[in-house]
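S.K.: Have a look at this fold, sequence not included:
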């Protein structure tokens, strides 16, 4: 079940905790993808807060928002690049996306298999995607005051296994959101400390969300190609009604021998 776009906008743009969460996840994404010069970047779900740094350098940026969630105009004060779309039928050509970010999309989808197939379709050969989902062992999934408290949380192994089954090659995984999901001033002021300490802990134990980077793998045809020669003409009743030269010569020799 998708969250309403108004609730997502209010959290990420109008609450202190949401802005802190946006900063934490976006910083980690920028570490994975510092440069997208001349590439097509798309986001699905509610990935718009993470795409703003790419507006200047990317060739094209598209924020896809599913119908059950709703859509908002984005970015504010600039030409709109957000699009309302069907969950598993995106208005993008096959193989035209270089980078794809999925946040608040996979864990809330009722058709995750078809959604991943659509992700695979729009990515070009060697294209990369980052899937951002709640960590089942994290603190953020236990609070329904944040968007990460809704939908299906994942363990790292579950997410990577699901992505591999859809022909994605795992490139890397990291975590984000190490601070507790609290609006209290003390925790928000200590955000940098939590982020710095949390990065030293194992990914599967720390962090409110996982960021798993994958690559679309295009496998070449397997096996060795065998080149066959040009087929000869088919000769009906060969050696009788239409004898080959060597067969005709043998036949004449046999006749001479009988004489």
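M.R.: Cool, got the structure. If you're wondering where the values come from, they're calculated on a predicted model, not measured in any experiment.
S.K.: Which parts of the stretch 101-250 of the chain are helices?
M.R.: 112-122, 156-164, 185-189, 191-198, 245-258 (DSSP state H, counting those that start in this stretch).
S.K.: for the fourth one, the distance to its chain's centre please.
M.R.: Helix 191-198 has its C-alpha centroid displaced from the chain centroid by 28 Å (CA atoms, centre = their mean, to the nearest Å).
S.K.: same for it, what does it pack against?
M.R.: helix 16-32 (3 or more CB pairs under 8 Å, 6 or more residues apart in numbering; DSSP states H and E). C-betas here are computed from N, CA, C, even on glycine.
S.K.: buried sites along the helix it packs on?
M.R.: 17-18, 20-22, 24-26, 28-29, 32 (16 or more other CB atoms under 10 Å).
S.K.: ok now do residue 176, which residues does it touch?
M.R.: 24-25, 27-28, 132, 207-209, 211 (CB atoms under 8 Å, 6 or more residues apart in numbering).
S.K.: what's the most distant pair in those residues?
M.R.: 27 and 208 (13.9 Å; CB to CB).
S.K.: mind checking how far the residue nearest the centre of the chain is from residue 72?
M.R.: Of all residues in the chain, the one closest to the mean position by CA atoms, centre = their mean is residue 129, 3.7 Å from it. Distance, residue 129 to residue 72, by CB to CB, to the nearest Å: 23 Å.
S.K.: same question, residue 125
M.R.: 32 Å.
S.K.: out of these two, which sits in the busier spot?
M.R.: More crowded of residue 125 and residue 72, by other CB atoms under 10 Å: residue 72, with 18 against 9.
S.K.: Return the residues in contact with the residue nearest to residue 108 when sequence neighbours are not counted.
M.R.: Nearest non-adjacent residue to residue 108, counting by CB to CB, 6 or more residues apart in numbering: residue 151, 4.0 Å away. If you count contacts by CB under 8 Å, 6+ apart, residue 151 has them with 1, 104, 107-108, 134.
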